[in-house]
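1. here's my sequence, what's the structure:
(2 chains)
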Amino acid sequence: DVKVTQSSRYLVKRTGEKVFLECVQDMDHENMFWYRQDPGLGLRLIYFSYDVKMKEKGDIPEGYSVSREKKERFSLILESASTNQTSMYLCASLTSGVAGELFFGEGSRLTVL
Amino acid sequence: RKEVEQDPGPFNVPEGATVAFNCTYSNSASQSFFWYRQDCRKEPKLLMSVYSSGNEDGRFTAQLNRASQYISLLIRDSKLSDSATYLCVVILSSNTGKLIFGQGTTLQVKP
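-> Predicted coordinates for the structure are as follows:
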């Protein structure tokens, strides 16, 4: 079974802190994604990566950066956390091909005080 | 106009009912279509892919209408355990990784 693991299920941070969210997948997938999910807004794409060291902005990249130094690991970085970044963050990886399946991690619920 | 639109619901139905959800998409170049299920406080999981010819998996039937640019999900004989949020996902291109999620439709099946 494909496994996507997110490092932290729950985090509480203060405004201005730097936050790292880590995601690891064990199936050698090339495509990986970071989403945030908020009530009434659904899932919104922050960044995605289709290969090591490659990254593309999603729909809401402002305030975030990412790192993909190894194929299995895709990290989301909040350089200076703000209260409007309080959200559920979901990492996903995608199997190859037109009919690719997206596998999600369990999510990281971040609260910024 | 949103790229992928769903009626957020909630749809409240009794056990045993048949319920259908639609999802419209705006980009005619969309390649692949899926329904995901998300339980409360859990991550989304693939329910089924949607093929041009339509496909069925037990009580669930998914259909694609390219001419009208929508996909549908039909659930027959609803069970209490079907209560969840159903997310429509459209892939524009698997090479670029452009996936678009609908907002989700919430289903509550009542005894």
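2. helices and strands of chain B: which one bottoms out on pLDDT?
-> Least confident element among the helices and strands of chain B, by mean pLDDT, DSSP states H and E: strand B:98-101 (a mean of 80).
3. next one: it, is it in contact with chain A?
-> Yes. Judged by C-beta under 8 Å from any C-beta of the partner chain, strand B:98-101 comes into contact with chain A through B:99, B:101. Where you see a C-beta, it was placed from the backbone N, CA and C, and this is true even at glycine.
4. ok, which stretches of chain B are strands?
-> Assigned by DSSP state E, the strands in chain B fall at B:4-6, B:11-14, B:19-25, B:32-38, B:45-50, B:55-57, B:60-65, B:70-75, B:84-93, B:98-101, B:105-110.
5. how about TSV for those, with distance to A:Leu45 and mean neighbour count added?
-> Shown next, in TSV, are those (distance: least, C-beta to C-beta, whole Å; neighbours: other C-beta atoms under 10 Å in any protein chain shown):
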stretch	distance to A:Leu45	mean neighbour count
strand B:4-6	12	20
strand B:11-14	26	14
strand B:19-25	15	19
strand B:32-38	14	22
strand B:45-50	18	18
strand B:55-57	26	12
strand B:60-65	23	18
strand B:70-75	20	20
strand B:84-93	11	22
strand B:98-101	7	22
strand B:105-110	20	18
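6. in terms of mean pLDDT, which of the ones you listed ranks lowest?
-> With a mean of 80, strand B:98-101 has the lowest mean pLDDT of these.
7. can I get it as CSV, trimmed to CA atoms?
-> Extracted C-alpha coordinates of strand B:98-101, given in CSV (Å, rounded to 0.1, in the frame of the first residue of the first chain):
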residue,chain,number,x,y,z
LYS,B,98,-2.7,20.4,-12.4
LEU,B,99,-5.5,18.9,-10.3
ILE,B,100,-8.6,20.9,-9.3
PHE,B,101,-10.8,20.0,-6.4
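8. show me the shaky parts of chain A.
-> Under the criterion pLDDT under 70, the flagged ranges of chain A are A:1-2, A:97-99.
9. do that again at 90, thanks
-> A:1-3, A:7-8, A:27-31, A:39-43, A:50-51, A:59, A:94-103 (pLDDT under 90).
10. for it, which residues are neighbours of chain B?
-> A:31, A:33, A:35, A:40-45, A:48-50, A:56, A:90, A:94, A:96-107.
11. tell me the centre residue of chain A?
-> A:Trp34 (2.8 Å; C-alpha atoms, centre = their mean).
12. that one and A:Ile77 touch, don't they?
-> No. In this structure A:Trp34 lies outside contact range of A:Ile77 using C-beta atoms under 8 Å: 10.0 Å.
13. please enumerate the shared neighbours of those two.
-> Any residue near both A:Trp34 and A:Ile77 by C-beta atoms under 8 Å, 6 or more residues apart in numbering or on different chains counts here, and that gives A:21, A:64, A:66.
14. generate a PyMOL selection restricted to the buried entries among those.
-> In PyMOL, selecting the buried portion of the shared contacts of A:Trp34 and A:Ile77, with burial taken from 16 or more other C-beta atoms under 10 Å in any protein chain shown, looks like this:
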select buried, chain A and resi 21+64+66
